[in-house]
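Novice: Please work out how this folds:
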Amino acid sequence: MKFEKVRLSVLVEVPDHVFEQKSPFSPHLLAKEITGHVERYIADESLGYYPALDFCREVSAIPDALLEALDQLSWLASSAARSELLLKLRPLYASVQVKSMQVIAYNMPQVRLKQATECNEIIRHYTANRVKVDLLITLVNQAGNKELLAEYVKKSTWRNLEDVFESLEIGAAMLV
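Specialist: Presented below is the predicted three-dimensional model:
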């Protein structure tokens, strides 16, 4: 019996009912409000891109109360994602460790100004309901075939999480 470790990256979207049950804030409405402030800042400063939220915080482009609400929603999204991932995956594998978590709203937006205006993609980006999680999964390699192990982890993780989250993307999986 040999134990193998697989590093797996997943992107999950926490369902709206989690926020409705546990927060007075709607992540979608908050993102729309934040986007309005960011767009005003972009126009005032003649920026050609959407800045990351940390930059907006530094230059006071967004009121502190909105950023505090976003921080609360981000914490809630991260907590919900972590608990659901561990709850659903621990029975499958010998161990599951969360190595890192990041709420996508805090990343630098990969949205161009024209693109965002046309399809509200920037509002989706600033919504604090999507969390990228890097996992370290330990499992027993009964077949002895290392090449297929990472693919097995991706497929079994997908099957056990597809109904839990609003959306789910399984990223890279690699043996470590």
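Novice: element containing the residue nearest in space to the middle of the chain, please.
Specialist: By Cα atoms, centre = their mean, the chain has its centre lying nearest to Val131, at 1.3 Å. Assigned by DSSP states H and E, Val131 belongs to strand 130-140.
Novice: Keeping just the C-alphas, turn that strand into PDB.
Specialist: Taking C-alpha atoms only, strand 130-140 is exported to PDB below (Å, rounded to 0.1, in the frame of the first residue of the first chain):
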ATOM      1  CA  ARG A 130     -15.900  32.800  -6.200                       C
ATOM      2  CA  VAL A 131     -13.000  31.200  -4.300                       C
ATOM      3  CA  LYS A 132      -9.800  29.600  -5.700                       C
ATOM      4  CA  VAL A 133      -8.600  26.800  -3.500                       C
ATOM      5  CA  ASP A 134      -5.400  24.800  -3.700                       C
ATOM      6  CA  LEU A 135      -5.600  21.400  -2.100                       C
ATOM      7  CA  LEU A 136      -3.100  18.800  -1.200                       C
ATOM      8  CA  ILE A 137      -4.700  15.400  -1.400                       C
ATOM      9  CA  THR A 138      -3.200  12.200   0.000                       C
ATOM     10  CA  LEU A 139      -4.600   8.900  -1.300                       C
ATOM     11  CA  VAL A 140      -3.700   5.200  -1.500                       C
END
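Novice: Can you name the next helix or strand after that strand?
Specialist: Going down the chain from strand 130-140, the next helix or strand is helix 146-161, by DSSP H and E.
Novice: ok, residues contacting stretch 103-116?
Specialist: Contacts with stretch 103-116, where a contact means Cβ atoms under 8 Å, 6 or more residues apart in numbering, come from 11, 31, 42, 48-54, 70, 74, 77-78, 121-123, 125-128, 130-132. Yep, even glycine has a C-beta here, placed from its N, CA and C like the rest.
Novice: Now the top helix by length along the chain: average pLDDT?
Specialist: The longest helix of the chain (DSSP state H) is helix 64-89. For helix 64-89, mean pLDDT rounds to 97.
Novice: from the chain's centre, how far out does that helix sit?
Specialist: Remark: helix 64-89 is offset 9 Å from the chain centroid, using Cα atoms, centre = their mean, to the nearest Å.
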